[in-house]
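In: next input, structure requested:
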Amino acid sequence: MAEQLEVVKFRDLIEVQSIPRLVPGVEKPTIELKGQDFRNVERILINETEVDQFIIINQYTIYAQLPDAMGKISTVEVISSNFTKTTTASKLEFSIGNKTKTISGILKLTQLFVKWLLQSPGSDIQNPNRGGGLQELIGQVTDSRRMDGIVSIMTRSIQNTVGQIRSAQINVPNLPLSERLLSAELIDFDTYAEQMEIRARIQLISLAGDDAVTSLEL
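Out: Model prediction:
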């Protein structure tokens, strides 16, 4: 199976089921987080601010120190170092990092799809028609109460990218079924007016039947 350098890092968002209490007997305010599987957590963000210190107590419990001057807790993101296809989704980070890593299978397919989905047509002189053009949505001014047009653009971009990848893969011999794209669809879409963000979840399925859900923030 051919491998590829990882340049789009997928980090699973682990669902936080509850925040039962402030941890007693510690110097700085620290909250207890409860979830399903915290064994491979590498980062925690509270109100989009990264937590300086946290302790994995066990598979289901984490103690996370609140960032300075933290008011009401609005959002908590617990990010795993693994790509485990959780029910929440995977967050994207575009970097190679200090330690390079090669990928294959559904992860390689997902990386290819995201790169092509965001690419603007005409940006590659060798393949001028390639790209779903989704990156062009970033920075557009729109009414958060009327998002039908944005959803249509995203759906069309996804469909165009699916068609492009399928066509390109026809002429690739010996490509594993786990790296051949069967389908991709928009399964969830939310707007966050205060953060001026659009967050979408896209599900990919390979010809091998493997699936992955990735989350995009625009």
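In: sec struct for the residue located most distally from the centre of the chain, please.
Out: What lies farthest from the middle of the chain is G25; by C-alpha atoms, centre = their mean that is 35.9 Å. Recorded secondary structure, G25: coil (DSSP: H, G, I helix; E, B strand; the rest coil).
In: list the contacts for it?
Out: G25 makes no contacts at all, as judged by C-beta atoms under 8 Å, 6 or more residues apart in numbering. Every residue, glycine included, has its C-beta placed from N, CA and C.
In: can you read off the pLDDT for it?
Out: Note for G25: predicted pLDDT of 91.
In: try Q36
Out: 83.
In: for the host helix or strand of T214, packing partners?
Out: For T214, the host element (DSSP states H and E) is strand 211-217. Here strand 211-217 touches strand 8-14, strand 90-94, helix 105-118, strand 197-206, going by 3 or more C-beta pairs under 8 Å, 6 or more residues apart in numbering; DSSP states H and E.
In: with distance to D68, mean neighbour count and mean pLDDT added, can I get those in TSV?
Out: Output for these, formatted as TSV (distance: least, C-beta to C-beta, whole Å; neighbours: other C-beta atoms under 10 Å; pLDDT from 0 to 100):
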stretch	distance to D68	mean neighbour count	mean pLDDT
strand 8-14	24	22	77
strand 90-94	24	17	70
helix 105-118	34	22	91
strand 197-206	24	19	84
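In: about what we covered before: and the residue farthest from the centre of the chain, how far is that from M70?
Out: Counting by C-beta to C-beta, to the nearest Å, the gap from G25 to M70 is 19 Å.
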